[in-house]
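1. need a 3D model of the following:
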Amino acid sequence: MTSDVSVEPALERPVLTDFTDGVAQLTLNNPRRKNAISLEMAALIDNFCDRVESDPDIGAVVVRGAGAYFCSGADTRDLAASSSDPASPEAVSRTSAVYGAFVRIGSLPVPTVARVVGGAVGAGLNLAMAADLMVVTPDAVLDSGFLARSIHPGGGHLALLGRAVGWSNTIALAACGQSFTGPEAVDHGLAYAALPEDQIDAFIATLTGPAATDPELTRRIMRSARLELGPPAVSWSSALEIERGVQMWSMSRKGQSNWSSRGPGESRP
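-> I've put the predicted structure just below:
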C-alpha cells in the first residue's frame, strides 16, 4: 500500500489522497464548509491529477468528500472576492483555478467515479459530472444551484448537464431551479447507481477493481472511448478504425496460447 505522507496532520489537509492497488482516491477534506473548493484545494487536485496521469500503474480514480456532503461548490469567500471586480485578472484566475479542478478530473486517462453522499451543488455538481460514473446515496440532492445564488452557471455547467440528461432536464435544473434526488438522478441518466451509504464503497470497488487489474488496457479503452464518444461523437466507420489497431495490440499482447476454445460461462469437465 502506498499513500501520501505529510508532516501536516491529515485532518488539517484540505485534500487527502491515497494510491492503493491501482486505485487513486481523492478526498475533499473541508467538511466544515461542505467541502467547498478553495484555491488551495484546486491546486492540490491539480497535483493529484498530475500523479494519476504520470503513473501507469493507476487504473481507476475515486473522488469523494469527507463527512456528510460531497461538495457545495466553489468557496463562497473566493466568489465574493471575485464579485468586487469579476473581469479583473485576479478574479478570472480564481474562477479558472476552480474550473481547472474538475476539467482535470474529467480528462484523466482512467475511469473516474464520483462518490456522492449528501449532495452536490454548483461547481460541486460540475465536479461530480466531470467523473465518468457517479454513484450516489438515495437521499443525495443534486442541485444546479447557480440560479438560487442569482448568478449564471459556469465551468461548462450547461454542457455537462446536457450531455447527461438532455435539453428539457437541463433547463429544469439550471433555469427553473429544480433538483434531483439520488434515484431521480439514476432514472434520468445523471448517476450510474444509488445505494445506501453503507453499501456504496463495496459497490464502487466492483467498478474500480477490474479497471485497476490491467491499467494499461484500461487506459487504452478510455482513450478510445473519449475519441469515439466525444463530444462530438464520431461515426461508426471512424470508430472501427480507432479500435482496429488497439484491439490488434491487445490480441498480440495476449498471445495465441492464452485463448480457450470455450467462451466464458461455458462449463468445463
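2. low-confidence regions, the stretch 1-150 of the chain specifically.
-> 1-11, 76, 78-84 (pLDDT under 70).
3. can you show me the strands along it?
-> Taking DSSP state E, counting those that start in this stretch, the strands of the stretch 1-150 of the chain run over residues 2-3, 15-20, 23-28, 60-65, 112-116, 119-121, 133-136, 141-143.
4. now name the helix or strand holding Asp198.
-> helix 197-213 (DSSP states H and E).
5. what about the helices in this structure?
-> 39-54, 76-83, 89-106, 123-130, 157-174, 182-187, 197-213, 215-229, 236-254 (DSSP state H).
6. okay, the ones you listed in CSV with mean neighbour count and distance to Ser144 next?
-> Quick note: C-beta positions are derived from backbone N, CA and C, even for glycine. Supplementary listing: the helices of the chain in CSV, determined by neighbours: other CB atoms under 10 Å; distance: least, CB to CB, whole Å:
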stretch, mean neighbour count, distance to Ser144
helix 39-54, 18, 20
helix 76-83, 15, 15
helix 89-106, 18, 15
helix 123-130, 28, 7
helix 157-174, 17, 4
helix 182-187, 20, 12
helix 197-213, 16, 23
helix 215-229, 16, 24
helix 236-254, 12, 32
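7. out of these, which comes closest to Ala140?
-> helix 182-187 (4.4 Å; CB to CB).
8. show the average pLDDT along that closest one.
-> Mean pLDDT, helix 182-187: 98.
9. report all helices and strands that that helix contacts.
-> strand 133-136, strand 193-194 (3 or more CB pairs under 8 Å, 6 or more residues apart in numbering; DSSP states H and E).
10. now those strands as a markdown table including distance to Ala164?
-> Shown next, in a markdown table, are the helices and strands packed on helix 182-187 (distance: least, CB to CB, whole Å):
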| stretch | distance to Ala164 |
| --- | --- |
| strand 133-136 | 9 |
| strand 193-194 | 14 |
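11. what's the most buried one of those strands?
-> Stretch with highest mean neighbour count among the helices and strands packed on helix 182-187: strand 133-136 (a mean of 26; mean count of other CB atoms under 10 Å).
12. so what's the gap between it and the chain middle?
-> Computed by CA atoms, centre = their mean, to the nearest Å, the chain-centroid distance of strand 133-136 equals 9 Å.
13. what does stretch 85-99 give?
-> The chain centroid and the centroid of stretch 85-99 are separated by 23 Å under CA atoms, centre = their mean.
14. show me the contacts for Met251.
-> Contacts for Met251 (CB atoms under 8 Å, 6 or more residues apart in numbering) come out as none.
15. meant to ask about Gly65, not that
-> Gly65 makes contact with 27-28, 31, 34-35, 71, 115, 117-118 under the criterion CB under 8 Å, 6+ apart.
16. for His152, same thing?
-> Phe146.
17. quick one, phi/psi of it?
-> For His152, the backbone dihedrals (degrees, to the nearest 10) come out as phi -70, psi 150.
18. then the one 4 residues further on?
-> Geometry field for Gly156 lists phi and psi as phi 80, psi 20, criterion degrees, to the nearest 10.
19. so it is in contact with Met129, correct?
-> No - using CB atoms under 8 Å, Gly156 is not in contact with Met129, being 9.2 Å away.
20. name the residues that touch stretch 164-172?
-> 129, 158, 161-162, 173, 178, 188-190.
21. let me have these in TSV, adding distance to His152 as columns.
-> Shown next, in TSV, are the contacts of stretch 164-172 (distance: CB to CB, whole Å):
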residue	distance to His152
Met129	17
Leu158	10
Leu161	14
Gly162	15
Leu173	14
Gln178	17
His188	23
Gly189	24
Leu190	21
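22. between the helices of the chain, which gets nearest to Phe146?
-> Closest among the helices of the chain, using CB to CB: helix 157-174, at 6.8 Å.
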